[in-house]
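*Asks:* Coordinates only, no sequence provided:
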């Protein structure tokens with residue numbers, strides 16, 4: 001057998017285009033199937049959470065500003081279950097966020113996504129934690145706890161400067177306590 005015939009035979013083995021195309025198409029179908037299943041899961045979760053009432057209307061301002069920061073919003077979960085993501089009303093979408101804590105509540109502005117508002121009367125506290133639904137950060141997240149129509153929720157944020165988290169925990173706790181005390185005094189009158 002000549003050297004040319006041997007080379008042609010070896011090249012034929014290397015360029016098995018039908019096999020490559022078949023594997024490529026199969027891989028693309030598998031990726032599309034996984035994406036479709038993920039989307040179906042997200043929609044199923046949204047359907048299960050359809051009973052959550054609409055969020056309060058977003059005001060122009062949060063009252064007299066106490067603290068402001070920007071960073072990332074990582075999602076909202078049911079309180080105490082850091083893996084149970086809430087997707088209703090756009091609360092499940094990660095995005096950039098600008099947080100403004102004012103005397104009237106917490107304003108979460110998300111460029112390119114749905115803004116939301118947590119009135120001061122709904123705030124129950126804040127803490128630093130290592131994770132929330134799909135995001136684990138050893139150096140910590142700011143988790144704001146709040147209630148909405150009887151449902152207790154936790155929303156996770158990571159400030160651009162995580163050293164600000166301690167001040168936020170203290171300020172949110174102070175505002176929540178002050179608001180609850182004020183509401184109790186008004187109810188007693």
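*Replies:* It's in. This is a predicted model, so every value here is computed, not measured.
*Asks:* State the three-state secondary structure for residue 153.
*Replies:* With DSSP: H, G, I helix; E, B strand; the rest coil as the basis, residue 153 sits in strand.
*Asks:* Counting neighbours, what do you get for residue 114?
*Replies:* When counting by other Cβ atoms under 10 Å, one arrives at 13 neighbours for residue 114. (Each C-beta comes from the backbone N, C-alpha and C, glycine too.)
*Asks:* what does residue 149 give?
*Replies:* 11.
*Asks:* do the same with residue 111
*Replies:* 10.
*Asks:* Check whether it really touches residue 72, as I assumed.
*Replies:* No. Using Cβ atoms under 8 Å, residue 111 is not in contact with residue 72; the gap is 11.8 Å.
*Asks:* Next, show the common contact partners of these two.
*Replies:* Common neighbours of residue 111 and residue 72, using Cβ atoms under 8 Å, 6 or more residues apart in numbering, are 95-96.
*Asks:* Give me the contacts around stretch 174-183.
*Replies:* Contacts of stretch 174-183 (Cβ under 8 Å, 6+ apart): 66, 101, 103, 120-121, 123-125.
*Asks:* Strands along the chain, start to end?
*Replies:* 65-78, 85-86, 95-102, 105-109, 116-119, 123-132, 135-148, 151-159 (DSSP state E).
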